[in-house]
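Participant: model the following, please.
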Amino acid sequence: WWHGPEFVQHDESTWPDEIPSNTSPDTEVKKIFPTSSATQQDNTTFLDIFNRFSSWKKTIDTFSYILRFGNKTHKQFSGKPLSIQEKKLTENFLLRTAQKTGFPDEFKALSSGETPNLKHSDIRDYNPTWDTSKELIISNSRLTQSDLDESTKKPTLLPKNSTIVDKLVLHIHETHGHSG
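Facilitator: Coordinates of the predicted model:
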């Protein structure tokens, strides 16, 4: 146990091609059984990490690095400093997470191309539609007839009572010199 398997103590040329498996049961190995609380634990872990940072910038930077290891759209950035494109993808990921928790039924329907049941929805007055490029719910209101910028014509719908949205609003408030 202290020195490893027997073959490690000899010359490397005599090592076996395959490491022999230990078929004897190990009394110290714990069996892990999946539980139904994995989603709740993942959400709690996400919020724990998210709430560790007071600023939006630090949150975006941290989640950009986290997403490099688990998201295929972020793999292209591996080994490089954080880019604006990567930070924008991370911001969209966080906004998507806020929408999934704030508008779960509408998010599920719109993301799968279905028409959501808006009869009792909080966002029915905003004519929600799906933005395929950002993968977010946006408002398709009468502003689309104006000469405004496209992102102003079709704003992203954000839920109230979301820690993600609260942190974003605080960031924008501080960035613009506490105006408004």
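Participant: list the contacts for residue 165?
Facilitator: Remark: with contacts taken as Cβ atoms under 8 Å, 6 or more residues apart in numbering, residue 165 is in contact with 98, 102, 158-159. Heads up, the C-betas are built off the backbone N, CA and C, glycines and all.
Participant: recalculate using a threshold of 10 Å.
Facilitator: With contact taken as Cβ atoms under 10 Å, 6 or more residues apart in numbering, residue 165 is in contact with 94-95, 98-99, 102, 158-159.
Participant: with residue 52 instead?
Facilitator: Taking Cβ under 10 Å, 6+ apart as the contact definition, residue 52 lies against 58-59, 62.
Participant: so which of those residues sit within strands?
Facilitator: Secondary structure of the contacts of residue 52 is defined by DSSP state E; no position falls in strands.
Participant: center of the protein - which residue?
Facilitator: residue 93 (4.6 Å; Cα atoms, centre = their mean).
Participant: after the longest helix along the chain comes which helix or strand?
Facilitator: Within the chain, and with DSSP state H defining each element, the longest helix by residue count is helix 84-102. For helix 84-102, the following helix or strand on the C-terminal side (DSSP states H and E) is helix 104-111.
Participant: give me the buried positions along that following helix.
Facilitator: Of the residues in helix 104-111, those with enough neighbours to count as buried (16 or more other Cβ atoms under 10 Å) are 106-107, 109-111.
Participant: looking at these, which is nearest residue 126?
Facilitator: Minimum distance to residue 126 across these is 10.3 Å, recorded for residue 106 (Cβ to Cβ).
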